[in-house]
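*Asks:* 3D model of this:
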Amino acid sequence: MHSFVIRQGRLKGLKLFFESSLTTRPTKSRVKTSLIDRLRNLERKEEICFVECFSGSGQIGFEALSVGFKECVFFEVDKQAFSNLSKNINLCKARFKDVCITSFHASFLESLALLKTIKKPCLLYLDPPFSIREGFSDIYERIANFLNILKQDINVTLCILEFNTDIDIEQFFNIESKVSFGKTSLAFIKS
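*Replies:* Numbering: from 1, shown residues only. Below you'll find the predicted structure:
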């Protein structure tokens, strides 16, 4: 088992864990740093629910809580990853009693009813399994279709997508901006 430490914000120093597996991978350090810098500078983030849609260990959601988001919702379908995520949530709540965290052992793409229960505006962070993995060749198209349905029912302020740079992501999404880090990119999708 590997670990990571929250490096900034109110959760600074919190040590959490992840299991590297065939179904999950941690976000690259350069990508995470750039993303967290952008999240830290968002206005009114305390009024927004951060939703980590393909959570793995929850690393990005915990970082979002650390830089000022008051609520985080995690979705993870993989049993082993969800078990690890649950342990990380318990570690976080033991040290920081006031965090508002909800987690679902469910597929984000099949959770419209659960998402409708969120009353705050949402920022969606999407880091799906890359489309080169077996069974995920159409993942970006599935996400785009689901977001179109989802946005009819909940207030999505911003979607951030982590994806393989080789993918022509503009064919699926209306991109506001994009940043590349070698083979990994972040796209900021207009709501």
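*Asks:* Stretch 161-175 spans what distance, first to last residue?
*Replies:* With CA to CA, to the nearest Å as the measure, stretch 161-175 spans 10 Å from end to end.
*Asks:* top strand in this structure by residue count?
*Replies:* The single longest strand within the chain, with elements called by DSSP state E, is strand 156-164.
*Asks:* Can you point out the buried residues in that one?
*Replies:* 156-163 (16 or more other CB atoms under 10 Å). Any C-beta I mention is one placed from the backbone N, CA and C, and that applies to glycine too.
*Asks:* Give me the phi and psi for the nearest residue to residue 66 once chain neighbours are set aside.
*Replies:* Leaving aside its chain neighbours, residue 66 sits nearest to residue 9 (3.3 Å; criterion: CB to CB, 6 or more residues apart in numbering). Note on residue 9: backbone dihedrals following degrees, to the nearest 10 are phi 80, psi -170.
*Asks:* ok, residue 9 to residue 36 distance?
*Replies:* Distance, residue 9 to residue 36, using CB to CB, to the nearest Å: 8 Å.
*Asks:* Between those two, which contacts overlap?
*Replies:* Residues touching both residue 9 and residue 36 (CB atoms under 8 Å, 6 or more residues apart in numbering): 63, 67.
*Asks:* Any stretches of this protein with poor pLDDT?
*Replies:* 20-25, 130-136, 191 (pLDDT under 70).
*Asks:* Let's check: the centremost residue of it is which one?
*Replies:* residue 52 (2.8 Å; CA atoms, centre = their mean).
*Asks:* right, and that residue touches residue 65 too?
*Replies:* No: contact criterion CB atoms under 8 Å: residue 52 and residue 65 do not qualify, at 10.3 Å.
*Asks:* Now list whatever residues contact both of these two.
*Replies:* residue 72.
*Asks:* list the contacts for the residue nearest to the centre of the chain?
*Replies:* Counting by CB under 8 Å, 6+ apart, residue 52 makes contact with 58, 60-61, 64, 72-75, 125, 127.
*Asks:* Could you tell me how many residues sit around the residue nearest to residue 66?
*Replies:* Residues near residue 9, counting by other CB atoms under 10 Å, number 18.
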